[in-house]
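Asks: Give me a 3D structure for the following:
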Amino acid sequence: MNETVTIWHNPACGTSRNTLAMIRASGVEPVVVEYLRTPPTRSELERAIADAGLTVREAIRSKQGIFDELGLGAPDRSDAELLDAMLAHPILINRPFVFTARGARLCRPSERVLEILPAPLPGAFVKEDGDVVDPAAGAR
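Replies: Next up is the predicted model:
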């Protein structure tokens, strides 16, 4: 199997770490892009959001203090303004995004990655918090 899997990863994020570990548990070594160090371009970000079937508002991380400081929750903020903020402050990009030939997903929760992996997990996976992901059952 030579299918490329790419993850926009934040090593400080438990969901991102769990997603990366599930990818690796499936037998794939992904391309890991630490998007806080190497942010996407505007076109890459727009494409990721569209390919994942999200709105810009669904792809922005509202739990960051800068989100409130910039007033990004206001309903009159345009997609262009939200994208500008995400590009200026990559911490506002929700994570992790994963890309495969089978599609793109914002993997929140982390087991959403199972929808697009080229190979299934060989068995149950235990997340950092102790939750068990059983791919055979399709749920935790």
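Asks: Name the helix or strand for residue 8, please.
Replies: If you go by DSSP states H and E, residue 8 is part of strand 6-9.
Asks: so what does that strand touch, helix or strand wise?
Replies: helix 14-25, strand 31-34, strand 97-100 (3 or more Cβ pairs under 8 Å, 6 or more residues apart in numbering; DSSP states H and E). Every C-beta, even on glycine, is put in place using the N, C-alpha and C of the backbone.
Asks: Go ahead and measure how far it is from the middle of the chain.
Replies: Centroid separation for strand 6-9 versus its chain: 7 Å, with Cα atoms, centre = their mean, to the nearest Å.
Asks: Just give me how far the worst-scoring helix or strand of the chain on mean pLDDT sits from the chain centre.
Replies: Within the chain, no helix or strand scores below strand 125-126, which has a mean of 88 by mean pLDDT, DSSP states H and E. Distance of strand 125-126 from the chain centroid (Cα atoms, centre = their mean) equals 19 Å.
Asks: Helix, strand, or coil at the residue of the chain positioned farthest from its centre?
Replies: Distance from the C-alpha centroid of the chain peaks at residue 76, with 25.6 Å (Cα atoms, centre = their mean). What DSSP: H, G, I helix; E, B strand; the rest coil gives for residue 76 is coil.
Asks: What backbone torsions are found at it?
Replies: phi -90, psi 0 (degrees, to the nearest 10).
Asks: Please tell me how far it sits from residue 5.
Replies: 38 Å (Cβ to Cβ, to the nearest Å).
Asks: And residue 100, by the same measure?
Replies: 5 Å.
Asks: between these two, what contacts are shared?
Replies: Taking Cβ atoms under 8 Å, 6 or more residues apart in numbering as the contact rule, residue 100 and residue 5 both touch 117, 118.
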